[in-house]
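Trainee: this one's sequence-less:
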């Protein structure tokens, strides 16, 4: 019996035989969902509870086998799949750990296991008249909360509720040596020393495995108003957002910017979509107010938009969910519509909200100058300065060659503008394998050194998700 | 010239002679503001900018002299004063670094230096129609933002805006070896690796010196309604808060619980205060709604309270600021009124909001059983589960002896209840010197080990604020 087989047998003794997959049965777990990253491993293991995770990690550590924590495997950066040489790696998939352990409606908290699908976490709070506000429309049915927390996921409602980090009160973590850290507190104030949970949130599984979390719940809004607004340009959108926040306050749930190129893609590929206005406009914004008080919000939203002035070209406000959903379809289907036209060079960047227009101007100008014939598909969460900025050739036949030959140059131009504006080259999707070398280039050497020190102190043998982030 | 004198001369060459105080001139900086902690040091140094902080820290590190970072020195736990044996310590006071470096009204951010007095940070945003929501009524004129962030300060508005940690987007930190980490980002989404700023927030100066920060601003509320509510008991207050959040939502700014014993102290010692209702009540709550939309909120607040039911004994709602201030005087003067009656055994604890009543019942019962003749003064930020829970003898003559002989026993009883309810023994004031040994007892050994690893990796020579926290 080889050492590997002995290890797998010992793991199977912990999880049961059906908790360990190898060979072709395991293959789907070694590939990311977009098919960009394909790795290999000794096995994928499905522990049923935290004790099993702990036991499996202890076995791996004793055998010097690295661990790749995996949730729904929807990473866009190759963070949740093993490396190519998988002879010394095990994937630990948390999907079996999918219980809501507790819901405290009075404390506005919920204790969930890492393997809960994000979409499955909306119903229980809703029955208790509470909202869990993490909104990732594209992947909610597939992604899992452990992955959401490990990548500090963002999404559409960050403007109001913050990123995943802001939604966590407590964590349970299996450390690289297999010990369990029970930090499952549900406190809103706790200053008894260093806030250790912050280390594991957003670390993409490189410091430990998040097995459970206490997350915050919020009052359930009872009144919603949505607006579709044609704006003169992104600068008008930036100013409009600041104006709406100043006039409508914390009720703004979302503020999404969509360029003409996105709309055209959607109209072409997504059925049952059409121009939101009688005229065509270069830039539109979809924004939403929501309030717990049941009084209608449309008049306030309308008045706030009207008081903004010349930057608004046209707009409409609705409190009707079906009507609003027609607008939201334009935003939510951009990724799907893009896919229909083939691959593109994607960027997930952020800048201060006040500099979003500046970013678009500088990056667009630089790229169009150097690469004639490109199409820039820009959209995103303007409310938090996060722009998805994707580049391909208008002539799709040239696309593959263009990406193969020029991706590096395109990235460089975009990231230099981001650097200039003190932005981030990995706003909400994380680093994974994709941007591991790039962050070393765009972050200060001192910052990389501090990250390495933290990694070294928590995972001295480098067993947690090697080749990712750091 | 001794080594110490050489060091002080080298520091004076950096800061200028008036930037270094020794002897009696320095003495006020070695004592905490409540007079409970008295230490000693070689000098107190007042750098004028981040480069000077860096240079001074480098000199200290080269001479193996420890550093005590100090802001307004309003720590309640001895965190900002040197230890008794100060022969190898220097206090670095940040008060000279008090500029607002930038305010970006469109990005809703402000860049501030560590030495800015908290109270001085309200005016500039207000002029731009923005709110900086960190509210520490008792100390705002004296405390400084660097200290607020280093202790993850809380206060009255945490329910709505979070603790200091939630208000930070970026930090500038001088590390224990004197290098400057420029993490002054103003991004709402940034997932390029570990979130290093989280390490320094709440670390009480044990990992580095925060010299500047980018903090979030918020829309300025235009409409405020305040309610004073007599509730049957703390359990009714707990349920009322959950009900008000569910009906009035994120507009709740504050929810403060006050016991009869607090009210009586205030009536006795603070002029111009009186019963809020015609009858006497055992427990009252002061809560406030605020909204950016200018529509009056009193009707909604009144209706929400009325719909709660039997737990509310009496209440009144007002939109008049003068009227509301009369109620707030009852809350804001508790500490002052207590002081007039001499010392007490103070606790700053938190539990899940849903367990605040349970905490009070268990702790009150246990204490009254063992210590007849005590007075329990309980009040605090019920909105975030944080209770200030202070014990003294009703007969003040016995107080001093009682505290000397029984403080340890009283703490033990209170903290065991906190532990039972999975709460925190240091909710918002921090650890400092005061609770350093106690947290080691009430936190898990694993958690203490992780904290030591972090400390060791960032400050291997133990030069940053020794004897505090860890």
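Mentor: Sure, I can see it. Quick caveat, the model's predicted, so the values are computed rather than measured.

Trainee: all contacts plus neighbour counts: C-alpha atoms, from now on.
Mentor: Fine.

Trainee: now do the end-to-end distance for stretch A:242-255.
Mentor: In stretch A:242-255, first residue to last residue: 11 Å (Cα to Cα, to the nearest Å).

Trainee: near chain B, which residues of the stretch 301-450 of chain A?
Mentor: Counting by Cα under 8 Å from any Cα of the partner chain, the positions of the stretch 301-450 of chain A adjacent to chain B are A:350-354, A:384-386, A:422-431, A:439, A:446-447, A:450.

Trainee: go through those residues and flag which are in strands.
Mentor: A:350, A:386 (DSSP state E).

Trainee: of the residues of the stretch 301-450 of chain A next to chain B, which belong to helices?
Mentor: When DSSP state H is applied, those are split such that A:439, A:446-447, A:450 fall in helices.

Trainee: pull the most distant pair out of those.
Mentor: Greatest spatial distance in those: A:439 and A:450, 13.6 Å, computed using Cα to Cα.

Trainee: who has more neighbours, these two?
Mentor: The neighbour comparison of residue A:439 against residue A:450 (other Cα atoms under 10 Å in any protein chain shown) goes to residue A:439, with 19 against 16.

Trainee: distance of the more buried one from residue A:425?
Mentor: Applying Cα to Cα to residue A:439 and residue A:425 gives a distance of 8 Å.

Trainee: overlap in contacts, the two.
Mentor: residue B:192 (Cα atoms under 8 Å, 6 or more residues apart in numbering or on different chains).

Trainee: rewinding a little: just the buried members of the residues of the stretch 301-450 of chain A next to chain B?
Mentor: Those of these that meet the buried threshold are A:350-354, A:384-386, A:422-431, A:439, A:447, A:450, by 16 or more other Cα atoms under 10 Å in any protein chain shown.

Trainee: and residue A:6, which helix or strand is it part of?
Mentor: helix A:3-15 (DSSP states H and E).

Trainee: which strands and helices lie in contact with the following helix or strand past that helix?
Mentor: Downstream of helix A:3-15, the first helix or strand assigned by DSSP H and E is strand A:20-21. On a contact count with 3 or more Cα pairs under 8 Å, 6 or more residues apart in numbering or on different chains; DSSP states H and E, strand A:20-21 meets helix A:3-15, strand A:43-45.

Trainee: run me through the strand neighbours of strand A:20-21, direction for each.
Mentor: Sheet partners assigned to strand A:20-21 using DSSP bridges are listed as strand A:43-45 (antiparallel).

Trainee: list the contacts of the strand it pairs with.
Mentor: A:8, A:15, A:19-23, A:26, A:29, A:89-93.

Trainee: tell me which of the residues you listed is nearest to residue B:299?
Mentor: Of these, the one sitting nearest to residue B:299 (Cα to Cα) turns out to be residue A:93, at 51.8 Å.

Trainee: and the pLDDT for that closest one?
Mentor: On the pLDDT scale, residue A:93 is placed at 98.

Trainee: which SS state does the residue nearest to the spatial centre of chain A fall under?
Mentor: By Cα atoms, centre = their mean, the mean C-alpha position of chain A lies nearest to residue A:153, the distance being 3.7 Å. Secondary structure assignment for residue A:153 (DSSP: H, G, I helix; E, B strand; the rest coil): coil.

Trainee: that one contacts residue A:164, doesn't it?
Mentor: Yes. Contact status for residue A:153 versus residue A:164: in contact at 5.3 Å, counting by Cα atoms under 8 Å.

Trainee: near residue A:298, how many other residues are there?
Mentor: Using other Cα under 10 Å: residue A:298 sits among 19 other residues.

Trainee: one step back: contact partners for the residue nearest to the centre of chain A?
Mentor: Applying Cα under 8 Å, 6+ apart, the residues near residue A:153 are A:163-165, A:202, A:428-429.

Trainee: and what of residue A:33?
Mentor: Applying Cα under 8 Å, 6+ apart, the residues contacting residue A:33 are A:73-76.

Trainee: helices and strands around the helix ranked longest in chain A, which ones?
Mentor: As assigned by DSSP H, the longest helix anywhere in chain A is helix A:399-420. Judged by 3+ Cα pairs under 8 Å, 6+ apart, the packing partners of helix A:399-420 are helix A:356-370, strand A:386-393.

Trainee: what kind of secondary structure is residue A:271 in?
Mentor: coil.

Trainee: so what's the residue count around it?
Mentor: As a burial measure, residue A:271 scores 9 neighbours (other Cα under 10 Å).

Trainee: relative to chain B, how far out is it?
Mentor: Note on residue A:271: its distance to chain B, by Cα to the nearest Cα, to the nearest Å, is 32 Å.

Trainee: how close does that residue get to residue A:333?
Mentor: In terms of Cα to Cα, residue A:271 sits 10 Å off from residue A:333.

Trainee: residue A:234 now?
Mentor: 21 Å.

Trainee: ok, residue A:137 next?
Mentor: Relative to residue A:333, and taking Cα to Cα, residue A:137 is found at 10 Å.

Trainee: residue A:229 belongs to a strand?
Mentor: Yes. Counting by three-state DSSP, residue A:229 is found in a strand.

Trainee: my guess is it contacts residue A:316. True?
Mentor: Yes. In this structure, residue A:229 is within contact of residue A:316 by Cα under 8 Å, at 6.5 Å.

Trainee: for those two, indicate the residue with more neighbours.
Mentor: Legend: neighbour count by other Cα under 10 Å for residue A:229 and residue A:316, higher for residue A:229 (24 against 15).

Trainee: for the closest residue to that one other than its chain neighbours, give me its contacts.
Mentor: The shortest distance from residue A:229 to any non-neighbouring residue, by Cα to Cα, 6 or more residues apart in numbering or on different chains, is to residue A:315 (4.2 Å). The contact partners of residue A:315, taken as Cα under 8 Å, 6+ apart, are A:227-230.

Trainee: got the buried residues for stretch A:433-452?
Mentor: A:433-436, A:438-440, A:442-443, A:447-448, A:450-451.

Trainee: if we can go back for a sec, export the contacts of residue A:33 to TSV and tack on distance to residue B:364, pLDDT and secondary structure?
Mentor: Compiled in TSV, those are given as follows (distance: Cα to Cα, whole Å; pLDDT from 0 to 100; DSSP: H, G, I helix; E, B strand; the rest coil):
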residue	distance to residue B:364	pLDDT	secondary structure
A:73	50	95	coil
A:74	51	93	coil
A:75	51	91	coil
A:76	53	90	coil
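
Trainee: now the buried members of the residues you listed.
Mentor: A:73-76.

Trainee: closest to residue A:100 out of those?
Mentor: Using Cα to Cα, the buried ones among the contacts of residue A:33 come closest to residue A:100 at residue A:73, 20.3 Å.

Trainee: for that closest one, list the residues it contacts.
Mentor: A:29, A:32-33, A:80-81, A:143.
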